[in-house]
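Participant: One predicted model, sequence on top.
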Amino acid sequence: MSDRPISKPSDRPASPTSTPRSARAPAGRSPATAAAPASTRGQGQSGRHRNFVFLLLNDFTLLSFSAAIEPLRIANRMSGQHLYRWSLVSEGGVDVSCSNGSTLRVDGGLGDIGRDDVVMVCGGIGVRANTTPAIKNWLRKVARKGSVIGGLCTGAHTLAAAGLLDNRRATIHWENRDGFLEEFTETDLTKSVFVIDGNRLTAAGGTSSIDLVLTMIADDHGKDLANAVADQLIYTTIRTDRDIQRLSIPTRIGVRHPRLSRVIERMEQSIEEPVSPADLAEEVGMSTRQLERLFRRYLNRSPKRYYMELRLARARNLLMQTDLSVINVALACGFASPSHFSKCYRAQYGTTPYRERGAHGLDDELGAEPGDEDQDRFDDLD
């Protein structure tokens, strides 16, 4: 199917059973509109109107997409005005399946858009394979107009691959952070839930799209409307670009111990150049034996084992998300010996990094894979 210009929602007659792409202005006040703050009602008549174009990549994440589009619908409903309109597009104008298997109908292909339109790239799993040359070229064309372009979830990877995040601040889902940092060194990647850098927007995925869009609604039409939309979403706290994605270390590990948290934070910051348990213990003012007892008591593993698991988890992310060679993944995760890396990886995940990458055969630039006799334990975890 050839790409065609994007149709606006009002250009298509909706059948009685079809779902319109933007909310219709009510003939009278709905209960929700009447209950909204007076400052939000009717303000769209002379306010700013925006048109959003959502580019859906194959296997996009439905949650991050719906978390962006629903606040727009609710803003229209609460204001009683067409403040926001939207359309869905894909490469070739074909319907797109998201990562949970559902399929969404789109309005068109990669056609022309208006300079004032906001393009949101909706990414998900397999974003590297789904970022095609045609999509990158279209985004560059849109960028030359000066349009606002955003990336939701892993959509930031697509923007960076098109060169649209060079020398920009951005964010991406924490699970994809390691691969992004290795591949796109020109981007200032943060851990924020969302980032607005000029006409580039990025949201980390999940509910972070709500925070980004509510911030845009507040900028366009005031905080009263944004707060009214948040109330409808049962969203009690609107996060800012200063909020970070992941839970604090004490919350993640279920333990509130200041020294333990500091050691784990230091480990997470020093994956490529691991720090010895003795040095970690000295940094927090305890002996190596005390540190060992602390990890055994609260995490049921030694500091060495916990550290190794962190490094192997980072390695797995890099193998799955980048084209880095196995030897470069090993080096990026603090393994000086490729054979030792493969041995530890197999013990943790039941397969070797070569097979994880999908290689067929036993040879690559590192030499042969370790034999089965190496898979029972990794010596330095306990």
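Facilitator: It's in.

Participant: what's the distance between the closest residue to Arg301 other than its chain neighbours and Asn100?
Facilitator: Leaving aside its sequence neighbours, Arg301 sits nearest to Phe295 (CB to CB, 6 or more residues apart in numbering; 6.2 Å). Heads up, the C-betas are built off the backbone N, CA and C, glycines and all. Here Phe295 is placed at a distance of 37 Å from Asn100 (CB to CB, to the nearest Å).

Participant: now do Leu159
Facilitator: Distance from Leu159 to Asn100, by CB to CB: 24 Å.

Participant: so how far is Trp138 from Ala203?
Facilitator: Per CB to CB, Ala203 is found 20 Å from Trp138.

Participant: Looking at these two now, which is surrounded by more residues?
Facilitator: Taking other CB atoms under 10 Å, Ala203 and Trp138 do not tie; Ala203 has more neighbours (33 against 22).

Participant: Show the pLDDT at that one.
Facilitator: At Ala203, the model reports a pLDDT of 96.

Participant: How about His340?
Facilitator: pLDDT recorded at His340 is 92.

Participant: ok, now His173?
Facilitator: On the pLDDT scale, His173 gets 92.

Participant: for Ala281, same thing?
Facilitator: Looking at Ala281, its pLDDT reads 93.

Participant: gap between it and Gly334?
Facilitator: The gap separating Ala281 from Gly334 is 18 Å, by CB to CB.

Participant: would Leu72 count as being in a helix?
Facilitator: Yes: counting by DSSP: H, G, I helix; E, B strand; the rest coil, Leu72 is found in a helix.

Participant: what residues are up against it?
Facilitator: 22, 52, 83-84, 86, 213, 217 (CB atoms under 8 Å, 6 or more residues apart in numbering).

Participant: now, which of those residues sits nearest Pro258?
Facilitator: Val213 (36.6 Å; CB to CB).

Participant: from what I can see the closest one touches Ser64, true?
Facilitator: No: using CB atoms under 8 Å, Val213 is not in contact with Ser64; the gap is 10.8 Å.

Participant: distance of the nearest residue to Thr132 once chain neighbours are set aside from Leu57?
Facilitator: In space, and not counting its chain neighbours, Thr132 is closest to Glu91: 6.2 Å by CB to CB, 6+ apart. To Leu57, Glu91 is 8 Å away according to CB to CB.

Participant: Ser97 too?
Facilitator: According to CB to CB, Ser97 stands 10 Å off from Leu57.

Participant: the more surrounded of these two?
Facilitator: More crowded of Ser97 and Leu57, by other CB under 10 Å: Leu57, with 28 against 15.

Participant: still on that earlier bit, mind listing the shared neighbours of Glu91 and Leu57?
Facilitator: Common neighbours of Glu91 and Leu57, counting by CB under 8 Å, 6+ apart, are Ile135.

Participant: In this structure, where is pLDDT below threshold?
Facilitator: Along the chain, segments meeting pLDDT under 70 span 1-47, 244-255, 358-382.

Participant: Mind splitting it into its structural domains?
Facilitator: The chain breaks down into these structural domains: 9-232, 249-381 (assignment by automatic domain parsing).

Participant: Can you tell me which of the ones you listed is packed in deepest?
Facilitator: domain 9-232 (a mean of 19; mean count of other CB atoms under 10 Å).

Participant: and that one, how far from the chain's centre?
Facilitator: Offset of domain 9-232 from its chain centre (CA atoms, centre = their mean, to the nearest Å): 13 Å.

Participant: where do the strands sit along the stretch 201-350 of the chain?
Facilitator: For the stretch 201-350 of the chain, no strands are identified by DSSP state E, counting those that start in this stretch.

Participant: one step back: next up, the contacts around the residue nearest to Thr132.
Facilitator: With contacts defined as CB under 8 Å, 6+ apart, Glu91 is in contact with 3, 109-110, 132, 134-135.

Participant: Mind doing that once more with 10 Å?
Facilitator: 1, 3, 55-58, 106, 109-110, 130, 132, 134-135, 138 (CB atoms under 10 Å, 6 or more residues apart in numbering).

Participant: Just these: which are in strands?
Facilitator: Using DSSP state E, 55-56 are the members of the contacts of Glu91 that sit in strands.

Participant: The closest residue to Leu57 other than its chain neighbours: what's it in contact with?
Facilitator: Among residues not flanking Leu57 along the chain, Asn130 sits closest, at 4.4 Å (CB to CB, 6+ apart). Shown in contact with Asn130 (CB under 10 Å, 6+ apart): 56-60, 91, 96, 123-124, 154, 157-158.

Participant: repeat that with 7 Å
Facilitator: 57-59 (CB atoms under 7 Å, 6 or more residues apart in numbering).

Participant: And Leu331, by the same measure?
Facilitator: Under the contact definition (CB under 7 Å, 6+ apart), no residues are listed for Leu331.

Participant: Can you tell me how far it is from Gly179?
Facilitator: On the measure of CB to CB, Leu331 and Gly179 end up 15 Å apart.

Participant: and if you look at Lys304?
Facilitator: As judged by CB to CB, Lys304 and Gly179 stand 26 Å apart.

Participant: likewise Val326?
Facilitator: Taking CB to CB as the measure, Val326 falls 14 Å from Gly179.

Participant: With Glu272 instead?
Facilitator: 14 Å.
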